[in-house]
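A.B. asks: compute the structure for the input listed below.
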Amino acid sequence: MFILTGTIAALIISAVQIFFFCEKKSVGKCIHYTIRNIFSINLISLALLTYVFKYQHFLVTDSYKTASFVKFFFLALAVGIILLFISAVFNNQIAFEKEEPKKSGWTKFVKLLSAAFVALGSACFFGTIWAKSAFGDISADEMFITLFLPTEGTEAGVYIDGFEGPFFQTMLVTTVFCLFLYCNFKLVYKVNRRAVTIFNSLARRIICLVLSVTCLAGGIVYGIEKLQLQQLYRSYCLDSGIIDDNYVDPKTAQMEFPQEKRNLIFISLESLETSFLSKELGGFIDENLMPELTELAYEGIVFSHTDSKFGGPIHAPGTTWSVASLVNMTTGLPMKTPTEPNHYGSADNFLPGAWALGDILQEQGYEQTFMLGSDANFGALNFFFESHGNYKIMDHRYAKANGLIPEDYKVWWGYEDDKLYEFAKDELTRLSETGKPFHFLLETADTHRPGGFLSEKAPTPYTDHYANTIAYSTSETVKFVRWVQQQPFYENTTIVMIGDHLSMDTDFFINYNFTDDYQRTQFNLILNPAPNVKDIPQSRMVNRLYSNFDMYPTILASIGVDIKGDMLGIGTDLFSGRKTLFEKYGIEEANKELEKKSDLYNTQILTVSEKSDK
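C.D. replies: Numbers count the residues shown, from 1 in each chain. The predicted structure is shown next:
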């Protein structure tokens, strides 16, 4: 059937060749052209079908649908056109001749405009493909906010991927396009003693302009669709009262701390989700990649979105990346698209109107430390934690400045989690000796995309690199927690562990054949909560629809804080059993409204210049 389809295409090409390029239309010539075209077009097309498009058994076609033969017809037709053109050029029936270029200002403008359109369109197209491949379901708010945040300390591989991917691809396409656009030639048709110009500079400029406009429009539409950029329209142009109607100001909310304040260890686990568990545990894969963490979880409280033990928070707008996640879980608010570029990127101006976990604990006399192996300048986290709780920040720069690592040491995003946990032990020991209650926030990085960082000490039981990274990273986390549990201060210490967001390592999910009908959620676990919430009913731990911002009051409740009304920000204390925003409005409706702009957020959270004005 493929051969028959190719033969039909070859007959069409033969008819064109005989009619336009055969000066002496004898029967012998016609038969010769036809047989030659049938043989060569079919042979080349079948070779492409087999070796390029990876079709199998082109002689046994029972399993192929009609669409396959239609595609092969157009493939054979394209091959025939190319062969016909090459033959005409070699036989001097079509000739390339030099043409003097037009030097008018209008011509130069059209060429520059065409080149610019192709560059922009290609950048949109390749940039979108790279963003989806590198970061998964990247959201418009994440992309837009990140543009205005400091990127110091970014892992070098991100820049390399960006250069080798969309930047190089855009330059290549634009260069090839410009070579065609700026060349000076015309095509002349020479048959039967006629010389007719069939393609000149005017035609080339028109074709290039049409192609460039198509490229630009296609790239923009593709980017809007894949990156959901329509969210930006809703963020700036549509109003919603969901935040305004549900916001509880933590600054004025009534809270009562226990007489003996509990310590808090908060571990933000990079990209860790329940998907990495086995199917019988609520995960998606056949083998549990986190056995040690699973065992640990049975000792504490897990809030699940299903009736299974393991589940977690569901993404909402403004919660899908690391910086946003830390903001959500410590302010009870999403990170919404800023009204001005500097709202997230300057000292004392990172959500100045918010009253965060660090602010509350600082007022209560807590000693606070934020430790991470990367640079806290990335995403302006240093601004946030310095202005909301005056945390001691121990990042990659701190480790170098204080001799924890050599001056020139740089692995992955800074230094690996193996070292992070060892340094954390020392800092926790110091905090426990201050005589004050403490809050220690730890952020890991080894399971960041792409593929994660796998320590030389790590075993490799799996064929997938990222699977090995997850298994080793979580086992090291459990070792650290077991160390904490052996310390004298643990009796009065609560540990909160949660994946900061869903993993962005798209290759892993392709390799494990993840399907869209599986609800991916972040891993979460609370160990040794305060006595007053330790024995909550099972019904409050399962079938809970919640998001990152609900962790804010939940974390405070876990250390024994009694919150009147059970809400802070737009977050709900999950220990209380009160309905969350998702449970009240439904996930789809709540997320639709959260994408829109909020007057309260813009006027009271983003734009307050000094805390005293709150």
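
A.B. asks: give me the neighbour count for the closest residue to Lys579 other than its chain neighbours.
C.D. replies: Distance criterion C-beta to C-beta, 6 or more residues apart in numbering; nearest residue to Lys579, sequence neighbours excluded, is Thr572 at 6.9 Å. Quick note: C-beta positions are derived from backbone N, CA and C, even for glycine. By the criterion of other C-beta atoms under 10 Å, Thr572 has 32 neighbours.

A.B. asks: residue numbering should commence at 849 henceforth.
C.D. replies: Noted, 849 is the first residue going forward, which turns the last one into Thr1420.

A.B. asks: show me what Thr1420 is bridged to.
C.D. replies: When bridges are called by DSSP bridges, Thr1420 pairs up with Met1415.

A.B. asks: and the longest helix along the chain, what's buried?
C.D. replies: Using DSSP state H, we find that the single longest helix of the chain is helix 953-983. Going by neighbour count (16 or more other C-beta atoms under 10 Å), the buried part of helix 953-983 is 958-959, 962-963, 965-979, 981-983.

A.B. asks: what's the span of stretch 937-949, first residue to last?
C.D. replies: Using C-alpha to C-alpha, to the nearest Å, one end of stretch 937-949 lies 23 Å from the other.

A.B. asks: neighbouring contacts of that stretch?
C.D. replies: 869, 933, 935-936, 955, 1032-1039, 1046, 1048-1049 (C-beta atoms under 8 Å, 6 or more residues apart in numbering).

A.B. asks: okay, and for this structure, where does confidence drop off?
C.D. replies: Within the chain, the ranges that satisfy pLDDT under 70 run 981-1011, 1041, 1078, 1080, 1083, 1186-1196, 1456-1462.

A.B. asks: centroid-wise, who is the farthest residue in it?
C.D. replies: Largest separation from the mean C-alpha position in the chain: Ser874, at 63.9 Å (C-alpha atoms, centre = their mean).

A.B. asks: strands along the stretch 1299-1448 of the chain, start to end?
C.D. replies: 1341-1347, 1372-1375, 1410-1411, 1415-1416, 1419-1420 (DSSP state E, counting those that start in this stretch).

A.B. asks: how about the ones you listed in a markdown table, adding distance to Asp1155?
C.D. replies: Conversion of the strands of the stretch 1299-1448 of the chain to a markdown table gives the following (distance: least, C-beta to C-beta, whole Å):
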| stretch | distance to Asp1155 |
| --- | --- |
| strand 1341-1347 | 20 |
| strand 1372-1375 | 16 |
| strand 1410-1411 | 27 |
| strand 1415-1416 | 25 |
| strand 1419-1420 | 20 |
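
A.B. asks: deepest of those strands, which one?
C.D. replies: strand 1419-1420 (a mean of 31; mean count of other C-beta atoms under 10 Å).

A.B. asks: could you look up the SS state of the nearest residue to Gly1159 once chain neighbours are set aside?
C.D. replies: Residue nearest to Gly1159 in three dimensions, not counting chain neighbours: Ser1152, with 3.1 Å by C-beta to C-beta, 6+ apart. Under DSSP: H, G, I helix; E, B strand; the rest coil, the three-state class of Ser1152 is coil.

A.B. asks: for Ser1152, give me its contacts.
C.D. replies: 1130, 1158-1160, 1389-1392.

A.B. asks: with Ser874 instead?
C.D. replies: Taking C-beta under 8 Å, 6+ apart, one finds nothing in contact with Ser874.

A.B. asks: got phi/psi on it?
C.D. replies: Per-residue torsions, Ser874: phi -80, psi 160 (degrees, to the nearest 10).

A.B. asks: hmm, back to that, out of the strands of the stretch 1299-1448 of the chain, nearest to Phe906?
C.D. replies: strand 1341-1347 (48.0 Å; C-beta to C-beta).

A.B. asks: list the contacts of the closest one.
C.D. replies: Contacts of strand 1341-1347 (C-beta under 8 Å, 6+ apart): 1110-1121, 1148, 1160-1161, 1177, 1325, 1329, 1332, 1370-1378, 1399, 1403, 1406-1407.

A.B. asks: and for Phe1047, nearest residue in space, chain neighbours not counted?
C.D. replies: Phe1047's closest residue in space is Leu1035 (C-beta to C-beta, 6+ apart), at 3.9 Å.

A.B. asks: give the closest residue to Lys1109 in space, chain neighbours not counted.
C.D. replies: Lys1109 sits nearest to Pro1285 (C-beta to C-beta, 6+ apart), 4.0 Å away.

A.B. asks: what about Ile1072, how many residues nearby?
C.D. replies: 17.

A.B. asks: ignore the last one, Val908
C.D. replies: Neighbours of Val908 (other C-beta under 10 Å): 9.

A.B. asks: that older thread, okay if I get the contacts of Ser1152 as JSON lines plus distance to Pro1139 and neighbour count?
C.D. replies: Shown next, in JSON lines, are the contacts of Ser1152 (distance: C-beta to C-beta, whole Å; neighbours: other C-beta atoms under 10 Å):
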{"residue": "Gly1130", "distance to Pro1139": "14", "neighbour count": "21"}
{"residue": "Phe1158", "distance to Pro1139": "13", "neighbour count": "22"}
{"residue": "Gly1159", "distance to Pro1139": "18", "neighbour count": "25"}
{"residue": "Gly1160", "distance to Pro1139": "18", "neighbour count": "28"}
{"residue": "Met1389", "distance to Pro1139": "22", "neighbour count": "18"}
{"residue": "Val1390", "distance to Pro1139": "22", "neighbour count": "16"}
{"residue": "Asn1391", "distance to Pro1139": "25", "neighbour count": "14"}
{"residue": "Arg1392", "distance to Pro1139": "25", "neighbour count": "23"}
